[in-house]
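**Q** Can you look at this prediction? I've put the sequence above it.
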Amino acid sequence: MTSLLRVLAHGCCALAFVAAPVLAAEPPITVLTSSVYYPLGVALAENIGKTMSGVKTSVQTTKASAENLNLLQAGRGEIAFTLGDSLSDAWNGNQDAGFKVPLKKLRGIAAIFPNYIQIVARADTGIKTLADLKGKKISVGVPQSGIERNARTIFAAAGITYKDFAKVEYLPFGQSVELMKDGQLDATLQSAGLGALALQDVATSMNAVFIPIPFDVIQKTNEAAYLVGTIPANTYRGQTADVPTVAVQNYLVTHEGVSTDTAYAMTKALWAGLDHLVAAQPAAKAIDLKRALDGMPVPLHPGAEKYYREVRLIK
């Protein structure tokens, strides 16, 4: 009898061992960002790593919004930064903006902070208005990026074409700044948060002027995503007056293939670690939970929705 009990006990243990589930490791999470927002991407990845213990995170620098969204659609990233107008273009499949087909796998995480279209010029060029840019050398961002799309839209509304410039460079912001320092560029247009580090670099390394974008030009763009904005006085060295410009909402997005639990954790990481993002980049000061769903052009991911229901932003 004792031998039989021993056999049964051994058999039960074996069955229990066989039946125990093997827990699969969480897949790594890649944050897609651009050079302008690389510090924010790093901070967000660190937040996610703290929220999802044991999960590996990485940050991939891309050519900006259009590439980020195409990568998400292909499942080659889990969360990305994007401009609102680019996100709308992606959802609708605007081929001129770099989207061959509608990207219907995209899902929203949060509205974060607005970008400001900021045109900065060397003071010694005499550029003070949009019209003064004619005949000058300018960088407009990487081809078909959200920033380059902003440039085309704003200049068209102001009655300016690329043919009106002495030279047009299609460069990331870091390279544009270096060429301005060397005197090889007169101006650059960038879409970034207020106080962006690269723009601070321009303003501290040379005498620079920020070119206003008047209200009538904003109206002529016919872009719903373009809002009236202001670069407050003293945001940058030597900028002693408010500068009217365009604000464009930024978003964090994911795709439908990301699990509810992962999207929930990424959303929680954003809001729980907001101070860490602010320390990485001043523009993050404008991120507000109450406005997390403002103007979202794509469906919210169920994981993000779960979080917002928990904090009663969605009832």
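**A** Looks like it came in fine. Numbers count the residues shown, from 1 in each chain.

**Q** mind showing which ranges of the protein have poor pLDDT?
**A** Per-residue confidence for the chain (pLDDT under 70) gives these ranges: 1-25.

**Q** Give me the most central residue, the protein.
**A** Among the residues of the chain, the one closest to the centroid is Phe81, at 2.7 Å (Cα atoms, centre = their mean).

**Q** wait, it sits on Thr62?
**A** No. Applying Cβ atoms under 8 Å, one finds Phe81 not in contact with Thr62, separated by 9.4 Å. For glycine as for every other residue, the C-beta is placed from the backbone atoms N, C-alpha and C.

**Q** which residues do those two both contact?
**A** Residues touching both Phe81 and Thr62 by Cβ atoms under 8 Å, 6 or more residues apart in numbering: 32-34, 68.

**Q** Would you point out the most distant pair within those residues?
**A** For these, the farthest-apart pair by Cβ to Cβ is Leu32 and Ser34; their separation is 8.5 Å.

**Q** Give the residues shared as contacts by the two.
**A** By Cβ under 8 Å, 6+ apart, Leu32 and Ser34 have these common neighbours: 62, 68, 81.

**Q** helix or strand for the second one, which one?
**A** It stands for Asn68. helix 65-73 (DSSP states H and E).

**Q** residues in contact with Ala123?
**A** 206-209, 238.

**Q** Torsion angles phi and psi at the closest residue in space to Arg149 that isn't next to it in sequence?
**A** The spatially closest residue to Arg149, leaving aside those adjacent along the chain, is Ala97, at 5.6 Å (Cβ to Cβ, 6 or more residues apart in numbering). Main-chain dihedrals, Ala97, degrees, to the nearest 10: phi -100, psi 0.

**Q** and Ala97, how many neighbours?
**A** As a burial measure, Ala97 scores 21 neighbours (other Cβ atoms under 10 Å).

**Q** residues touching it, list them.
**A** By Cβ under 8 Å, 6+ apart, the neighbours of Ala97 are 66, 86, 89-90, 144, 149.

**Q** distance of it from Gln175?
**A** 22 Å (Cβ to Cβ, to the nearest Å).

**Q** Then Asn150?
**A** In terms of Cβ to Cβ, Asn150 sits 18 Å off from Gln175.

**Q** For the stretch 151-300 of the chain, which segments count as helices?
**A** Counting by DSSP state H, counting those that start in this stretch, one finds helices in the stretch 151-300 of the chain at the ranges 173-181, 197-205, 215-221, 260-272, 274-280.

**Q** wait, is Ser88 part of a helix?
**A** Yes. Counting by DSSP: H, G, I helix; E, B strand; the rest coil, Ser88 is part of a helix.

**Q** Comparing Asn150 and Gln175, which shows the higher neighbour count?
**A** Neighbour totals were compared for Asn150 and Gln175, and Asn150 leads with 27 against 16 (other Cβ under 10 Å).

**Q** Would you list the phi and psi of the more buried one?
**A** Phi and psi for Asn150, reported as degrees, to the nearest 10, are phi -60, psi -40.

**Q** Now do the same contact list for it.
**A** Counting by Cβ under 8 Å, 6+ apart, Asn150 touches 83, 85, 117, 141, 189, 191, 246, 248.

**Q** Quick check: the fourth one touching Gln190?
**A** Yes. The pair Gly141 and Gln190 qualifies as a contact (Cβ under 8 Å) at a distance of 7.2 Å.

**Q** Return every residue with contacts to both of the two.
**A** Joint contacts of Gly141 and Gln190 (Cβ under 8 Å, 6+ apart) are 147, 173.

**Q** what's the neighbour count on the residue nearest to Phe165 when sequence neighbours are not counted?
**A** With sequence-adjacent residues excluded and distances taken as Cβ to Cβ, 6+ apart, Phe165 is closest to Ile138, at 5.3 Å. Using other Cβ under 10 Å, Ile138 has 25 neighbouring residues.

**Q** Assign a three-state SS to Ile138, would you?
**A** Under three-state DSSP, Ile138 falls in the strand class.

**Q** Relative to Leu185, how far out is it?
**A** Applying Cβ to Cβ to Ile138 and Leu185 gives a distance of 7 Å.
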